[in-house]
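**Q** need a structure here:
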Amino acid sequence: MVMPFKRNNISTPLVIKNTMTDQLQARFQEALQYHQRGDLVAAQSLYQEILQAQPNHFDSLHLLGIIAFQTKNFPTAVELIGKAIEIFPNNPAFYSNRGAALQELKQPAEAIQSYDRAIALQPDYADAYYNRGVALQELKLPVEAIESYDRAIALKPDYAEAYCNRGLALQELKQPAEAIESYDRTIALKPDYADAYYNRGNALKELKQPVEAIESYDRAIALKPDYAEAYCNRGVALQELKLPVEAIESYDRAIALKPDYAEAYYNRGVALQELKLPVEAIESYDRAIVAMPDYAEAYSNRGVVLQELKQLPEAIESYDRAITLKPDYAVAYSNRGVALQELEQLSKAIESYDRAIALKPDYAEAHFNKSIALLMDGDFAQGLELYEWRWKKDDFTSPERNFQQPLWLGDNTLTGKTILLHSEQGLGDTIQFCRYTKLVAELGARVILEVEKPLVPLLQEFAGVSELVVKGDSLPPFDYHCPLLSLPLAFKTELHSIPYSNKYLRSNQSKHSYWASKLGSQNKLRVGIVWSGSSVHKNDKNRSIQLADMMQQLPLDCQYVSLQKEVRDIDKSMLHSTSSVLHYGEELHDFADTAALCELMDIIISVDTSVAHLCGAMGKVTWVLLSFSPDWRWLLDRDDSPWYRSIKLYRQHNIGDWDSVLENVANDLNKCKKQNII
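**A** Reported below is the predicted structural model:
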């Protein structure tokens, strides 16, 4: 949150031309002395006494207006200064101060008229130009504001406040570097100007220089120890440096200084989210909302945390509240759609995405989220086209490849051409979509396939590949390129036309022999198991299971073989303490080893990971355990997969309920044993 500093300069020149008795003149001088000492009550009383004796005494009217301004009684200030102008219409200070009061009443256009009148009467009136600039900024006219500040500075070269607000106007024009130059001029003129350091910190933050921004905030705080806004924005800069703990400390300092500081509570909530402290984050958002009941962003972020906690109806209520407060809140509509999607209410989710897109047509996140809902619903025609919006997302896991060669999406002939097919996202995605390689080759293309290093031995002799390249190595010449997950769009894939759903990968024979020897003779149903995926996957906490929970449900009299290379600390003790699971860990050097080991299994039981895709691509009997709202490729409300004929799906019917899923798996395993399926 950026809180720019602006102020109006109030002019109090004394133009005493009224005919006054000596007694009234003395009373007026006494009133001025009280005013200058800050005793506004005494000054006000004396000005009113003078006006009772001489109602048209414009200086007393004007100065009473100034007192009204100083005590924030702006309507009275406008009225009194206006009366002074009626009596003495040629005093530029009256017009300037009336303009300042009008600005405080949120009437900047009328204020500018008053400043223009002051300038017309006194062309060298620097304060009037300065205040006019402030009013122009309030009207969202930063270019004109800068012109007005420049006129003020030309008339008064040491005008630090004008340089400072000029910097703010430059920031509004997205010129932070130029703004910093203006703040530096401010500081050179007025080294103890805390607000200039603060604004300079904001500009540095815009330039993605958080370290320098923090230094500037620290200077502001040193000059003004109760500067809550500087502590708050300092916290934002610390978050950008991935220091959420330190950021929270800064927010706490801001809140200690300003207990009703809604933005500080909000930013604190964001930092707590980064620390994976959702309950505490919600508490912070709630405090922000108490301080600012119409804080739409706090309601929206609160919804995000509730969604993470799988409190989806409550999350939707929070998004709805945000939208009520801010009807054009595209982000809240998009997040609301995700929550509805997780509840498997796809049509309502799509409606919410459409509202977000209508408000913000270039909103990549909403387009992408809508594509996932459509694909999950089996609408590949629309879904695959919208899925291309993934490249425009800020947080997409695979950055777009900016090749000079054109993207191929099925529109150009490939006869005699070389095309680069390159992997994206996870290893499972590469395994799933490399099936299209053969189709591309059949169009007459020479195919270069670029994949992750662990997959190279598995795909060494893959059908349709002319050259296999490790991702990150230098690339040979090519004419076109296509990401693997764009190939379904290029081939206009529908549910009924998914290619090679039976089997398109096989294990290496020498690897197969090695692992067969390693496992030895078989006298039990041999079951390969995968209970967790990558810990950095954004959906890991929903799709992974602890080994102990899995083994507690599965029947004992099977030979279980771990197909995982990496094991989390929480599962290691279980592996070490049981003889019912064989684990080879580091002996699985790459996916060729994993494929050979999978080939020797009777059944594979896996959560949604790359091994599940590998086994499906090999045509192995595979039981995939799915969370309540799974990845789009598994669709909804079916126990089979159009991508892999050999896969059977076991779905959660309630969020987080793995017990019933594993119970069904155990029952089916027992049936297999009774039927002597080995």
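
**Q** what ranges do the strands span in the stretch 251-400 of the chain?
**A** Secondary structure of the stretch 251-400 of the chain (DSSP state E, counting those that start in this stretch): no strands located.

**Q** what about the helices in it?
**A** Using DSSP state H, counting those that start in this stretch, the helices of the stretch 251-400 of the chain run over 262-274, 278-291, 296-308, 312-325, 330-342, 346-359, 364-376, 380-386.

**Q** and after the helix or strand of the chain with the lowest mean pLDDT, which helix or strand comes next?
**A** Across the helices and strands of the chain, mean pLDDT, DSSP states H and E gives its lowest value to helix 58-70, namely a mean of 75. The element immediately downstream of helix 58-70 (helix or strand, assigned by DSSP states H and E) is helix 74-87.

**Q** Dump the next helix-or-strand element following that following helix to CSV, restricted to CA.
**A** Per DSSP H and E, the first helix or strand lying C-terminal to helix 74-87 is helix 92-104. Output of helix 92-104 as CSV, limited to C-alpha atoms (Å, rounded to 0.1, in the frame of the first residue of the first chain):
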residue,chain,number,x,y,z
PRO,A,92,-5.1,36.6,-4.3
ALA,A,93,-4.5,34.9,-0.9
PHE,A,94,-8.3,34.8,-0.3
TYR,A,95,-8.8,32.9,-3.5
SER,A,96,-5.9,30.5,-2.8
ASN,A,97,-7.1,29.7,0.6
ARG,A,98,-10.7,29.3,-0.5
GLY,A,99,-9.4,26.8,-3.1
ALA,A,100,-7.6,24.9,-0.4
ALA,A,101,-10.8,24.6,1.6
LEU,A,102,-12.7,23.4,-1.5
GLN,A,103,-10.1,20.7,-2.0
GLU,A,104,-10.6,19.5,1.5
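
**Q** helices or strands up against helix 92-104?
**A** Helix 92-104 makes packing contacts with helix 58-70, helix 74-87, helix 108-121, helix 126-138 when contacts are defined by 3 or more C-beta pairs under 8 Å, 6 or more residues apart in numbering; DSSP states H and E. From N, CA and C alone the C-beta is placed, and that goes for glycine too.

**Q** Which positions within the first one qualify as buried?
**A** What it means is helix 58-70. In terms of neighbour count (16 or more other C-beta atoms under 10 Å), helix 58-70 has its buried residues at Phe58, Asp59, Ser60, Leu61, His62, Leu63, Leu64, Gly65, Ile66, Ile67, Ala68, Phe69.

**Q** repeat for the second one
**A** Applying a neighbour-count criterion of 16+ other C-beta under 10 Å, one finds Phe74, Thr76, Ala77, Val78, Glu79, Leu80, Ile81, Gly82, Lys83, Ala84, Ile85, Ile87 buried in helix 74-87.

**Q** Now do the last one, the pLDDT please.
**A** The one in question is Ile87. Note on Ile87: pLDDT of 79.

**Q** list the contacts for it?
**A** Going by C-beta atoms under 8 Å, 6 or more residues apart in numbering, Ile87 touches Asn56, Phe58, Leu61.

**Q** Please name the nearest non-neighbouring residue to the first one.
**A** Spelled out, that is Asn56. Sequence neighbours aside, Ile87 is the residue nearest to Asn56 in space, at 5.1 Å (criterion: C-beta to C-beta, 6 or more residues apart in numbering).

**Q** The one you found and Tyr560: what is the separation?
**A** Here the criterion is C-beta to C-beta, to the nearest Å. By it, Ile87 lies 98 Å from Tyr560.

**Q** and what of Glu86?
**A** Distance, Glu86 to Tyr560, by C-beta to C-beta: 95 Å.

**Q** same thing with Ala595?
**A** Using C-beta to C-beta, Ala595 is found at 19 Å from Tyr560.

**Q** Could you do Leu409 as well?
**A** Leu409 sits 44 Å away from Tyr560, going by C-beta to C-beta.

**Q** Tell me which of the two has more neighbours.
**A** Tyr560 (24 against 17; other C-beta atoms under 10 Å).

**Q** Which other helices and strands does the host helix or strand of that one contact?
**A** Using DSSP H and E, Tyr560 sits within strand 559-562. Other helices and strands packing on strand 559-562, by 3+ C-beta pairs under 8 Å, 6+ apart, are strand 526-530, strand 581-582.

**Q** Can I get it in CSV, CA atoms only?
**A** The C-alpha trace of strand 559-562 is given here as CSV (Å, rounded to 0.1, in the frame of the first residue of the first chain):
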residue,chain,number,x,y,z
GLN,A,559,4.2,-58.0,-1.7
TYR,A,560,4.3,-54.2,-1.7
VAL,A,561,7.1,-52.4,-3.7
SER,A,562,7.8,-48.7,-3.4
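
**Q** Can you give me the buried ones in the helix or strand just after that strand?
**A** Following strand 559-562 in sequence order, the next helix or strand is helix 569-577 (DSSP H and E). Neighbour-count burial for helix 569-577, counted by 16+ other C-beta under 10 Å, picks out Asp571, Met574, Leu575.

**Q** Show the contacting residues for the nearest residue to the first one once chain neighbours are set aside.
**A** The one in question is Asp571. In space, and not counting its chain neighbours, Asp571 is closest to Leu547: 4.2 Å by C-beta to C-beta, 6+ apart. Leu547 is in contact with Trp531, Ser532, Val567, Asp571, Met574, Leu575, Val581, counting by C-beta under 8 Å, 6+ apart.

**Q** Would you mind measuring from the third one to Pro457?
**A** Distance, Val567 to Pro457, by C-beta to C-beta: 22 Å.

**Q** burial measure for Gln509, as a count.
**A** 10.

**Q** residue contacts, Arg401?
**A** Neighbouring residues of Arg401 by C-beta under 8 Å, 6+ apart: His422, His481, Pro483.

**Q** circling back to that earlier point, tell me which of the buried residues of helix 58-70 is nearest to Lys524?
**A** Nearest to Lys524, judged by C-beta to C-beta, of the buried residues of helix 58-70 is Phe69 at 89.7 Å.

**Q** Arg98 is in contact with the closest one, correct?
**A** No. Phe69 is not in contact with Arg98 according to C-beta atoms under 8 Å; the separation is 9.6 Å.
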